[in-house]
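[1] would you be able to build a 3D model of this:
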Amino acid sequence: MTVSQSTDLRIRPARPGDVPEIVDLVQAAYRGEGGWTTEAHLVRGARTHADEVRGMLADDAVTLLVAEAVTELERPSDSPAGGAIGCCYTRQEPTDVNGLIQAELGLFAVHPSAQSRGLGGRLLESQAELLTAAGVDVLMIRVLQSRPELHAWYERHGFVRTGTAVPFPGDPSWLTVEGLGMDVMERTLHRG
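    Numbers count the residues shown, from 1 in each chain. Have a look, this model is predicted:
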């Protein structure tokens, strides 16, 4: 099933055969050079690995989407024909004590050569539509501190800072800035 399709882009649920491309895409976006989303100056090591992505695909609470370029014009020169140029997942949490359902957004990546074309916003809105239809009330993301440009992007897309920070979820020795954490941001999803 295709989630969203336009003349230049197809957004669909990820499949097991997509795992290697997703890993390469995420590594290029977060640890590579050339894209505005790189964290290579702040975090070392792999951003994800195949077992983690396969685990996401096996988790019923996770929706992992990939975006593919439909035309040659939109496809980065170093990506395979029909290959993933963007991805993101959400993990839906059980209803909380206030009766709200929250989902976490993560593994959100756009290939560096396809960035700044609106693809990230389209991926985000595809996830938001799916979550809204599923009855999710709040979309949450953890954004690496020292990345004001990322905070600003999420704010332009309806997220607000909660004032909460959490520790970096990976190995602290990967950080090039000691004590760097993650800021929690949330976006309310409106039904109807």
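[2] doesn't residue 161 make contact with residue 183?
    Yes. If you go by Cβ atoms under 8 Å, residue 183 and residue 161 touch, sitting 6.1 Å apart. Any C-beta I mention is one placed from the backbone N, CA and C, and that applies to glycine too.
[3] the longest helix along the chain - contacts with which helices or strands?
    In the chain, ranked by residue count with DSSP state H as the criterion, the top helix is helix 119-133. Under the contact criterion of 3 or more Cβ pairs under 8 Å, 6 or more residues apart in numbering; DSSP states H and E, helix 119-133 touches strand 4-5, strand 9-13, strand 62-69, strand 84-92, strand 102-110, strand 138-144.
[4] so where is the chain shaky, pLDDT-wise?
    1-7, 71-82, 191-192 (pLDDT under 70).
[5] switch the helices and strands packed on helix 119-133 over to JSON lines; also include mean neighbour count.
    Output for the helices and strands packed on helix 119-133, formatted as JSON lines (neighbours: other Cβ atoms under 10 Å):
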{"stretch": "strand 4-5", "mean neighbour count": "14"}
{"stretch": "strand 9-13", "mean neighbour count": "18"}
{"stretch": "strand 62-69", "mean neighbour count": "22"}
{"stretch": "strand 84-92", "mean neighbour count": "23"}
{"stretch": "strand 102-110", "mean neighbour count": "22"}
{"stretch": "strand 138-144", "mean neighbour count": "19"}
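[6] for residue 131, find the nearest of these.
    strand 102-110 (5.3 Å; Cβ to Cβ).
[7] export the closest one as CSV, just CAs?
    The C-alpha trace of strand 102-110 is given here as CSV (Å, rounded to 0.1, in the frame of the first residue of the first chain):
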residue,chain,number,x,y,z
GLN,A,102,1.6,9.5,22.1
ALA,A,103,4.0,8.4,19.3
GLU,A,104,7.7,9.0,19.1
LEU,A,105,9.2,10.1,15.8
GLY,A,106,12.7,8.9,15.0
LEU,A,107,15.1,7.6,12.4
PHE,A,108,14.1,10.7,10.4
ALA,A,109,16.5,11.1,7.5
VAL,A,110,16.7,12.5,4.0
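[8] thanks a lot, catch you later.
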